[in-house]
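In: Provided below are the primary sequence and the corresponding predicted coordinates.
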Amino acid sequence: MKLTILLLGQTKDQFIAEGIERYQKRIRNYLPLELVEINTRKIKSKDERTVIAAEHQLLEQSINQKSYRIALDQTGVMLDSVMFSQRLQKLEMNGVKVASFIIGGAFGLAEEQKEKADLLLSLSKMTFTHDLARLLLLEQIYRSCTIVSGEKYHK
């Protein structure tokens with residue numbers, strides 16, 4: 001199974017970008033991974049609804065329409081690391097070819113994006129910057145890979 005992660009904009013903090021790169025390399029030892037950074041510079045509006053609608057369009061243009069959609073949202077289900085790894089393993093066993101993780105912008109995801117999601121996933125009840133959410137998601141994907149392969153990374 002291939003994983004794609006759709007990201008609005010680029011990672012701003014260098015130390016987080018380095019962590020993201022490190023986990024990308026680790027994950028690629030287990031399965032194909034693609035980070036899709038979507039350029040949002042053309043969105044000039046500060047109006048919340050306008051920004052969410054524009055980001056929704058960009059996400060829809062960038063996502064593999066046949067992929068299993070996992071949208072990150074604070075209202076989503078929270079899974080522990082073992083449950084998350086089991087969920088990903090089950091997708092692969094059920095023949096899912098591509099699973100796409102969708103991380104929204106500062107105002108979150110459009111309702112249409114949430115409705116199209118096969119899974120709404122919350123990383124925590126806490127709020128994180130988008131850069132940190134990217135890093136946390138990649139770390140959990142890597143942890144999932146090591147759990148499935150029986151390695152000692154997860155304790």
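Out: That came in fine, so what should we check first?
In: what's the helix or strand for the residue nearest to the spatial centre of the chain?
Out: Nearest to the mean C-alpha position of the chain, counting by CA atoms, centre = their mean, stands Phe101 at 3.3 Å. Using DSSP states H and E, Phe101 sits in strand 98-103.
In: next secondary structure element downstream of that strand?
Out: Taking DSSP H and E, what comes next after strand 98-103 is helix 111-116.
In: distance between that next one and the chain's centre?
Out: 15 Å (CA atoms, centre = their mean, to the nearest Å).
In: which elements pack onto it?
Out: Packing partners of helix 111-116 (3 or more CB pairs under 8 Å, 6 or more residues apart in numbering; DSSP states H and E): helix 48-62, strand 68-77. All C-beta spots, glycine's among them, are computed from the backbone N, C-alpha and C.
In: tell me what the lengthiest helix in the chain is packed against?
Out: Secondary structure of the chain read by DSSP state H shows that its longest helix is helix 130-148. If you count contacts as 3+ CB pairs under 8 Å, 6+ apart, helix 130-148 packs onto strand 2-8, helix 14-27, helix 81-93, strand 98-103.
In: can you list contacts of the strand holding Phe101?
Out: Strand 98-103 has contacts (CB atoms under 8 Å, 6 or more residues apart in numbering) with 1-8, 59, 63-64, 66-72, 88, 91, 109, 113, 117, 121, 130, 133-134, 137.
In: if you set the cut-off to 7 Å instead, what comes out?
Out: Applying CB atoms under 7 Å, 6 or more residues apart in numbering, the external contacts of strand 98-103 come out as 1-8, 59, 63-64, 66-72, 91, 109, 113, 130, 133-134, 137.
In: partner strands of it and their direction?
Out: Looking at strand 98-103 with DSSP bridges, its partner strands are strand 2-8 (parallel), strand 68-77 (parallel).
In: ok, back up a step: just want the angle from the longest helix of the chain to strand 98-103.
Out: On the basis of axes from the mean of the first three to the mean of the last three CA atoms, to 10 degrees, helix 130-148 is oriented at 150 degrees to strand 98-103.
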